[in-house]
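Asks: Show me the folded form of this:
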Amino acid sequence: MADEAQSLREFLRQELLVSRKHSDAHMAAMAKLTTQIETSTAELRRHTEQMNRDHRDFYAESRAQRQALLRILDRLDGGNSGGAAPAT
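Replies: Predicted coordinates for the structure are as follows:
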């Protein structure tokens, strides 16, 4: 009986060691994936911020060009923005 108990204890100890080894490997893999995800997230954040800056720059440039074009059209129209010919 004592031999069976000793054998059982040894078997359970070995199973726990294998389980711990697998658990440690799983945790290491998860830590690696977490680092990769954090890196990817940071890169996406930087890319998104750059896209937002580019969009704001494009919008501001388009607005400035539109306003300049409207000023030119106003001058060509003689300052009459109503569309009718100026009175003579």
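Asks: ranges for the helices of the chain?
Replies: Taking DSSP state H, the helices of the chain run over residues 2-76.
Asks: distance of F11 from D3?
Replies: Using C-beta to C-beta, to the nearest Å, F11 is found at 12 Å from D3. Yep, even glycine has a C-beta here, placed from its N, CA and C like the rest.
Asks: Which residue of those two possesses the greater neighbour count?
Replies: F11 (10 against 7; other C-beta atoms under 10 Å).
Asks: Who are the contact partners of the more buried one?
Replies: Under the criterion of C-beta atoms under 8 Å, 6 or more residues apart in numbering, F11 has no neighbours.
Asks: roughly how far apart are it and V18?
Replies: Taken as C-beta to C-beta, the span from F11 to V18 is 11 Å.
Asks: With A60 instead?
Replies: The value you get for A60 to V18, if C-beta to C-beta is used, is 63 Å.
Asks: Then R75?
Replies: R75 is 85 Å from V18, by C-beta to C-beta.
Asks: same question, M51
Replies: From M51 over to V18 the distance is 49 Å, taken as C-beta to C-beta.
Asks: now do E49
Replies: For E49 relative to V18 (C-beta to C-beta), the value is 47 Å.
Asks: residue ranges with poor pLDDT in this protein?
Replies: Across the chain, the ranges flagged by pLDDT under 70 are 79-88.
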